[in-house]
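K.L.:
Generate coordinates for the sequence data below:
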Amino acid sequence: MTEAANTVPMTQVAKYKNITRITYIALLALMLAAPVIGLYPVFVMKLLCFALFACAFNLLLGYTGLLSFGHAAFFGSAAYVTGWFIKSQSWTPELGILAGTVAAGLIGLVVGLVAIRRQGIYFAMITLAIAQMVFFVCLQAPFTGGEDGLQGVPRGKLFGVFSLESDAALYYFVVAIFVLCFLFISRIVNSPFGQVLKMIRENEPRAISLGYQVDRYKLLAFVLSAALAGLAGSLKTLVMGFASLSDVHWSMSGEVILMTLLGGVGTFLGPVFGAGVVISLQNVLADKVGSWVTVIIGAIFVVCVLAFRKGVVGELQAYLERRRAAAKLAKESGA
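P.N.:
You can find the predicted model right below:
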């Protein structure tokens, strides 16, 4: 009986891992083949940028339990920094992206030091307030272009050698960065550091009682999330060729929350799925319904929240878990 009880869970775990592995391989193959099968490269690149943004936000909310209403500050500030260095200072794209990512990380460090000792709605309100300050700076600073934003940011040459002017070259560059960042986030979550973050999310007083310096862990998670969000913003500037006030507006923070909740908080593929749905709807409906696109997306979000409390991907994973538990119970009963 013991042997049978142990065999079934291992079989179910292996089956679940195989499904996950096949899903990742299929998505990677789809990304690599996207330009060949007729998908518009610029649209897919924009989708990947926002998917990375949502994954960065999910690292903070889904695995640390911190709800930030100001993540647009990191996304947008990095977009401006990258655009300014590449356009005005003639930096190569990799240096511009690095500068934007570092700038977002530093802003995240400052915001984190101020907000990290607060919890719940107080933490969220502090991040929102500081994000609005960043928005005001981007509106008034002379190098940002004000309401016009930074226009005509060139793609340049990678390392001064490889031209990124063609959509195909830039596309595979963006895909490579997205895949590396996705693997990096996965490694963080599955590391001992990530396990501590999950413990803080589930029971912070217990983590403190075990001797963990909780504020340091939360601050590091906040800075990592901010830097990755900044990387997404930097890539978006390179792809679209501009940085605008919408990148740093509070509504952008709302969009990334929507993407994460729609796909599933605390899941790897959830934010990617949510970003895909939101960006696709915006792309398809913008020319047909105009500003009503936000109403339609909002209605879809309400339906998904009511029907899929854990998000679409989260509910799918919960369903697979229930099947695995049911199979385990049936096998144990039969044994």
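K.L.:
what about this protein, any weak spots by pLDDT?
P.N.:
Where the chain drops to pLDDT under 70, the residues are 1-16, 334-335.
K.L.:
go again using 50 as the cut-off
P.N.:
For the chain, residues meeting the criterion pLDDT under 50 lie at 1-8.
K.L.:
What is the burial count for residue 195?
P.N.:
Using other CB atoms under 10 Å, residue 195 has 12 neighbouring residues. Just so you know, the C-beta spots here come from the backbone N, C-alpha and C atoms, and that holds for glycine as well.
K.L.:
Then residue 198?
P.N.:
By other CB under 10 Å, neighbour count at residue 198 equals 16.
K.L.:
Strands of the stretch 51-200 of the chain, residue ranges please.
P.N.:
Listed in chain order, the strands found in the stretch 51-200 of the chain under DSSP state E, counting those that start in this stretch are 157-158, 162-163.
K.L.:
How far does stretch 193-201 sit from its chain's centre?
P.N.:
Taking the mean of its C-alpha atoms, stretch 193-201 sits 18 Å from the chain's own mean (CA atoms, centre = their mean, to the nearest Å).
K.L.:
Highest mean neighbour count out of the strands of the stretch 51-200 of the chain?
P.N.:
Of all those, strand 157-158 carries the top mean neighbour count, a mean of 16, counting by mean count of other CB atoms under 10 Å.
K.L.:
hmm, back to that, tell me which of the strands of the stretch 51-200 of the chain sits nearest to residue 127.
P.N.:
For those, proximity to residue 127 was assessed by CB to CB; strand 157-158 is nearest, at 33.6 Å.
K.L.:
if we can go back for a sec, who wins for proximity to residue 188 among the strands of the stretch 51-200 of the chain?
P.N.:
Between these, strand 157-158 lies closest to residue 188; by CB to CB that is 26.2 Å.
K.L.:
which residues are contacting that closest one?
P.N.:
Contacts of strand 157-158 with the rest of the structure, by CB atoms under 8 Å, 6 or more residues apart in numbering, involve 92, 93, 94, 163, 164, 173.
K.L.:
if you set the cut-off to 6 Å instead, what comes out?
P.N.:
93, 94, 163, 164 (CB atoms under 6 Å, 6 or more residues apart in numbering).
K.L.:
State whether residue 81 and residue 100 are indeed in contact, as I suppose.
P.N.:
Yes - with contact defined as CB atoms under 6 Å, residue 81 reaches residue 100; the gap is 4.4 Å.
K.L.:
Excluding chain neighbours, give the residue nearest to residue 204 in space.
P.N.:
residue 214 (6.0 Å; CB to CB, 6 or more residues apart in numbering).
K.L.:
Equivalent analysis for residue 63, please.
P.N.:
Using CB to CB, 6+ apart, the closest residue to residue 63 is residue 197 (5.0 Å).
K.L.:
and residue 178, which of the strands of the stretch 51-200 of the chain is closest to it?
P.N.:
strand 157-158 (15.8 Å).
K.L.:
How about the contacts made by residue 186?
P.N.:
Taking CB under 6 Å, 6+ apart, one finds nothing in contact with residue 186.
K.L.:
same thing with residue 217?
P.N.:
residue 196.
K.L.:
Please, which helix or strand holds it?
P.N.:
Per DSSP states H and E: residue 217 is located in helix 214-240.
K.L.:
what comes up buried for that helix?
P.N.:
Neighbour-count burial for helix 214-240, counted by 16 or more other CB atoms under 10 Å, picks out 214, 217-240.
K.L.:
Widest-spaced pair of the contacts of strand 157-158?
P.N.:
94 and 163 (13.1 Å).
K.L.:
Residue 310 should be in a helix, yeah?
P.N.:
No - with DSSP: H, G, I helix; E, B strand; the rest coil as the criterion, residue 310 is coil rather than part of a helix.
K.L.:
Quick one: neighbours of it, just the number.
P.N.:
Residues near residue 310, counting by other CB under 10 Å: 18.
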